[in-house]
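1. Sequence first, then the predicted structure:
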Amino acid sequence: MEDNFRDYINGFSENIQDIIDHFEYRAIIGRMVKDARLSPILRQYATEKLGPDHLSNLEMGYVYEELLRRFSEQSGEEAGEHFTPREVIRLMVELLRIPLPKKHLSIYDPACGSGGMLSIAKEHLLNKASTDKAKEDVEQFLTLHGHELQPGNYAICKSDMLIKDDKHAEICYGNSLIPHSEQSRDYGDQLAGPEHKFDYMLSNPPFGVTWGGKDGYQEEANKFKSSRYQAGMPRTNDGALLFLQTMLAKMKPAGRGGSRIAIIFNGSPLSNGDCGSGESEIRRWILENDWLDAIIMLPDQMFYNTGIFTYIWLLTNKKPTSRKEKVRIIDARKQFDKEPKSFGNKRNRILDQHRRWIEKNYRKNETNKQPDDHVKIFKTQDFAYHKVSVVFWQTDENDQPAYLTEPYTKAFTPANIKKEQQFYESDLVFRILLKRDTLEREINFTLGPEDSFMKIFEKEVKAGFAQEITKLTKDLATAKQRNKAIKTFIKSLDVVVEFTHRHYISDNEYIQYGENIEEFLKREIAKPIIRWQDSPQLGYEILPNKYFYKYQPPKPADELLKEFWALEKGAEKMLKGLQ
């Protein structure tokens with residue numbers, strides 16, 4: 001039976017062989033034979049009416065999708081890697097506002113997994129089509145495009161498209177974040193040509209995936225550094241923003257209709273990275289180009305393999321005039337119902353009424369002049385900030401400029417002392433204990449901002465060890481020999497350094513763009529400002545939790561005391577009941 005079954009699968013066409021190979025199905029057959037499962041399973045399904053005479057392509061698609069859903073829900077930890085909950089995909093699709101096509105319309109996912117987002121996007125349009133002609137137009141004009149790196153997920157996606165008889169689907173195996181080369185053993189982005197621009201794009205890329213180091217593909221990704229990733233590259237332990245940059249690189253020009261994007265992120269891409277970092281620069285690039293349209297804050301516990309809060313970013317390069325240079329943030333964290341049964345970490349679900357609420361708040365026209373606890377509208381520059389390095393003079397208990405005497409713990413070298421002179425720009429008083437064998441001396445001197453440290457230090461050492469140096473050099477004939485001997489002697493000394501200086505503090509202040517920096521420093525630091533310097537570029541971060549935070553005052557002490565005594569009395573009653 002094994003030989004016959006292998007001959008049977010070898011008879012399929014080339015596109016089916018691609019699926020079989022990526023499923024590693026021939027190896028699975030070997031395991032099934034070893035476990036004595038091949039024959040029973042084949043006999044079981046031989047009698048099932050699953051052929052094209054009994055099930056249409058659409059019906060088989062539904063069967064396949066149901067099996068995939070059940071498998072994903074039961075897979076717990078691993079399910080979220082390739083399966084996004086259907087209600088989340090539907091929300092993303094409806095927020096994209098994909099119209100029924102009258103001409104060619106393309107949808108793309110750079111991390112398509114098992115193809116759920118692409119399939120549900122098409123299904124949404126077919127359900128929206130009210131006539132046979134409209135359904136024919138969807139089948140004729142809509143093309144689905146995707147990339148997937150995991151072989152099993154790629155095979156599932158290809159199978160899904162095949163079963164649903166989607167003749168226009170273009171699913172590529174490979175890493176959409178790196179260039180494709182026929183000479184490379186790693187398949188890259190095969191949809192990276194100038195003709196590969198898409199009308200709509202949506203994705204749920206993996207969270208926190210390492211793309212650098214020995215386990216990553218940093219060297220290959222760097223080949224896009226001057227083009228696709230020219231805005232910046234995120235830290236190597238989270239490649240989420242690389243997926244977004246890949247999608248932005250595939251937008252159609254606004255003159256040709258533009259593109260719309262929906263992508264799911266965790267909280268990291270919102271604010272990770274300091275001013276000038278790769279993440280901040282990517283956010284700056286997006287916001288200064290006015291591509292970010294809205295962010296939807298989703299409930300937690302929505303996904304099978306993680307309970308964290310997630311966010312839908314909506315982007316476009318063709319905003320209507322009313323939304324230009326604005327970003328809408330919608331707090332939908334309370335828009336959920338409990339799952340009747342938990343699936344891994346998925347305990348919440350979005351129902352139709354929650355989706356309608358989100359869509360309504362996304363589409364309605366309003367300004368922040370209209371109070372709304374769940375929707376806030378920002379200007380793109382509201383997310384910008386200055387990172388200002390400031391040096392100020394700390395004050396003492398009498399609010400007078402303070403001085404500090406402390407051990408010098410850095411390497412006692414001319415280069416380091418020069419840095420101290422440049423930082424303090426004022427007199428530094430040194431007290432130095434010098435030791436060599438049984439000898440011990442203390443020297444004291446004041447070093448001004450422009451003084452030569454080595455000249456003064458050597459002068460004081462020579463004075464402190466005058467007798468020892470005279471004895472050391474008396475038999476040396478030339479000045480060169482004497483100087484060399486003195487320098488060797490000085491280098492041999494053990495030093496313990498203490499110095500007194502102005503109590504300067506160096507700090508970084510993050511100041512909202514548009515605020516007067518000098519006034520902010522004067523108000524917030526309230527100490528003598530020695531100097532400050534703004535960073536060469538603005539930083540950008542998005543902090544949704546901060547924008548919707550509401551201060552909850554603690555309960556009054558009297559009320560807490562009453563609660564405490566009530567609990568105490570309850571505990572006493574329980575203890576009496578046990579006696």
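-> Structure's in. What do you need? Every value quoted in this text rests on a predicted model; they were computed, and no experiment measured them.
2. When you work out contacts or count neighbours from here on, use the C-alpha atoms and nothing else.
-> OK.
3. what about M92, neighbour count?
-> By other C-alpha atoms under 10 Å, the residues close to M92 number 25.
4. cool, and L472?
-> Residues contacting L472 under the criterion other C-alpha under 10 Å number 14.
5. Which residues are in contact with it?
-> Taking C-alpha atoms under 8 Å, 6 or more residues apart in numbering, we find L472 in contact with A485.
6. And it, what's its pLDDT?
-> We have a pLDDT of 85 for L472.
7. Where does it sit: helix, strand or coil?
-> What DSSP: H, G, I helix; E, B strand; the rest coil gives for L472 is helix.
8. Could you measure from it over to N175?
-> Relative to N175, L472 is positioned 71 Å away (criterion: C-alpha to C-alpha, to the nearest Å).
9. Ranking helices and strands of this structure by mean pLDDT, which lands last?
-> Least confident helix or strand of the chain, by mean pLDDT, DSSP states H and E, is helix 57-74 with a mean of 64.
10. Check which element follows that helix along the chain.
-> Counting by DSSP states H and E, the next helix or strand C-terminal to helix 57-74 is helix 86-96.
11. That next one packs against which elements?
-> Contact here means 3 or more C-alpha pairs under 8 Å, 6 or more residues apart in numbering; DSSP states H and E; on that basis helix 86-96 packs against helix 116-128, strand 200-203, strand 260-265, helix 352-363.
12. what pLDDT, on average, does the helix or strand following the last one get?
-> Per DSSP H and E, the first helix or strand lying C-terminal to helix 352-363 is strand 375-379. Over the span of strand 375-379, the pLDDT mean works out to 94.
13. Same question for stretch 133-151.
-> According to the model, stretch 133-151 has a mean pLDDT of 94.
14. With stretch 353-362 instead?
-> So the average pLDDT for stretch 353-362 ends up being 95.
15. likewise stretch 100-109?
-> Stretch 100-109 comes out at a mean pLDDT of 96.
16. Extract the CA atoms of the helix or strand harbouring Y45 and return them as PDB.
-> Per DSSP H and E, Y45 falls inside helix 38-46. Taking Å, rounded to 0.1, in the frame of the first residue of the first chain, the C-alpha atoms of helix 38-46 are listed here in PDB:
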ATOM      1  CA  LEU A  38      -1.200   4.800   6.900                       C
ATOM      2  CA  SER A  39      -3.600   1.900   6.000                       C
ATOM      3  CA  PRO A  40      -6.400   2.700   8.500                       C
ATOM      4  CA  ILE A  41      -6.400   6.400   7.600                       C
ATOM      5  CA  LEU A  42      -6.500   5.700   3.800                       C
ATOM      6  CA  ARG A  43      -9.300   3.200   4.300                       C
ATOM      7  CA  GLN A  44     -11.300   5.700   6.400                       C
ATOM      8  CA  TYR A  45     -11.100   8.500   3.900                       C
ATOM      9  CA  ALA A  46     -11.600   6.200   0.800                       C
END
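17. Which residues does that helix contact?
-> Residues from elsewhere that reach helix 38-46 (C-alpha under 8 Å, 6+ apart): M1, E2, I29, M32, V33.
18. Which two of the residues you listed have the greatest separation?
-> Largest separation among the contacts of helix 38-46 by C-alpha to C-alpha: M1 and M32, giving 11.9 Å.
19. And the strands in the stretch 251-400 of the chain?
-> 260-265, 292-297, 311-316, 326-331, 337-343, 346-349, 375-379, 384-393 (DSSP state E, counting those that start in this stretch).
20. what comes up buried for the helix holding Y45?
-> By 16 or more other C-alpha atoms under 10 Å, the buried positions in helix 38-46 come out as L38.
21. could you give the mean pLDDT of that helix?
-> What helix 38-46 shows for mean pLDDT is 85.
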